[in-house]
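Colleague: Attaching a predicted model along with its sequence, questions to come.
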Amino acid sequence: AQSVTQLDSHVSVSEGTPVLLRCNYSSSYSPSLFWYVQHPNKGLQLLLKYTSAATLVKGINGFEAEFKKSETSFHLTKPSAHMSDAAEYFCVVSGANFGNEKLTFGTGTRLTIIP
Amino acid sequence: ETGVTQTPRHLVMGMTNKKSLKCEQHLGHNAMYWYKQSAKKPLELMFVYNFKEQTENNSVPSRFSPECPNSSHLFLHLHTLQPEDSALYLCASSQDQGPTPYGYTFGSGTRLTVV
């Protein structure tokens, strides 16, 4: 079984300040972890992924995430927020069960950027 | 564009209508998925197709009927829907349904409103 918990449903930061979106996971298997971003009325775009290589993963648009197995966390960060970062962010865990991929989505964190 | 194209982008239909949603990908992927995204709820996996065969039906009501004529196309046929079926319907694809470290590629979705 696997699950993912996004600890904040809504985060507001000022433009130019750091962003932290928190995600905790549980998985019975060696998981792959993803962050997706969804802008209003758009589909989901892959930001970054962790697949058991480097624990610090860099993604698009200046985002990065660190896989911490001891804390079962995969928090998303960005040093300086931009207005275009305003969107919904989803943490996703995947674990293969007898070859069948299972993706489990978090409930999402809405990021608001204050000018 | 992500490589997964969904049409139409918006659809308004009455409860007695019959309509179809279309999804198309030319990424060479063999697995395709339908997800439902409702406000304030996590993404719900509806159907999975792998090499044109349905491998998962997540207890979806029969008023939703999927069709996968080939690995590049996926349809969702709709009939006698209810207002609570109003949502964003997302199509996704992946290389296959086995372990994929690359995540899924999502379309932009069809915003469905049932009146």
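Modeller: Nice, I can see it. Numbers count the residues shown, from 1 in each chain, chains lettered A, B, ... in the order given.
Colleague: The residue positioned nearest the centre of chain B: what's it in contact with?
Modeller: Geometric centre of chain B, nearest residue: B:Trp34, 2.8 Å, by C-alpha atoms, centre = their mean. Neighbour list for B:Trp34: B:Cys23, B:Leu45, B:Met46, B:Phe47, B:Pro66, B:Leu74, B:Leu76, B:Tyr89, B:Leu90, B:Cys91 [criterion: C-beta atoms under 8 Å, 6 or more residues apart in numbering or on different chains]. Every residue, glycine included, has its C-beta placed from N, CA and C.
Colleague: Any stretches of chain B with poor pLDDT?
Modeller: Low-confidence segments of chain B (pLDDT under 70): B:1, B:98-101.
Colleague: can you count the residues close to B:Val4?
Modeller: 24 (other C-beta atoms under 10 Å in any protein chain shown).
Colleague: For the residue nearest to it when sequence neighbours are not counted, list the residues it contacts.
Modeller: Closest residue to B:Val4 apart from its sequence neighbours, by C-beta to C-beta, 6 or more residues apart in numbering or on different chains: B:Gly107 at 3.9 Å. Counting by C-beta under 8 Å, 6+ apart, B:Gly107 makes contact with A:Gly43, B:Thr2, B:Val4, B:Thr5, B:Gln6, B:Cys23, B:Gln25, B:Leu90, B:Cys91, B:Ala92.
Colleague: May I have the phi/psi pair for the nearest residue to the fifth one once chain neighbours are set aside?
Modeller: Across the structure, with C-beta to C-beta, 6+ apart as the measure, the residue nearest B:Gln6 apart from its sequence neighbours is B:Gly107 (3.8 Å). Phi and psi for B:Gly107, reported as degrees, to the nearest 10, are phi -80, psi 180.
Colleague: residues from chain A in reach of chain B?
Modeller: Residues of chain A found near chain B (C-beta under 8 Å from any C-beta of the partner chain) are A:32, A:34, A:36, A:41-46, A:49, A:51, A:90, A:92, A:94, A:96, A:99-101, A:103, A:105-108.
Colleague: what does chain B have sitting close to chain A?
Modeller: B:2, B:4, B:6, B:31, B:41-43, B:45, B:55, B:88, B:90, B:92, B:94, B:97-109, B:111.
Colleague: Okay, the residue nearest to B:Val4 and B:Thr7: tell me how far apart.
Modeller: Separation of B:Gly107 from B:Thr7 (C-beta to C-beta, to the nearest Å): 9 Å.
Colleague: ok, now A:Gln38?
Modeller: For A:Gln38, the distance to B:Thr7 - C-beta to C-beta - is 19 Å.
Colleague: Please identify which of these two sits among more neighbours.
Modeller: Higher neighbour count among A:Gln38 and B:Thr7: A:Gln38, with 22 against 13, using other C-beta under 10 Å.
Colleague: what sits opposite the more buried one in the beta ladder?
Modeller: Beta-bridge pairing for A:Gln38 (DSSP bridges): A:Glu88.
Colleague: got a list of what the residue nearest to A:Gln6 when sequence neighbours are not counted touches?
Modeller: Distances taken as C-beta to C-beta, 6+ apart put A:Gly106 closest to A:Gln6, at 3.9 Å, once the chain neighbours are dropped. By C-beta under 8 Å, 6+ apart, A:Gly106 lies in contact with A:Val4, A:Thr5, A:Gln6, A:Cys23, A:Phe90, A:Cys91, A:Val92, B:Pro42.
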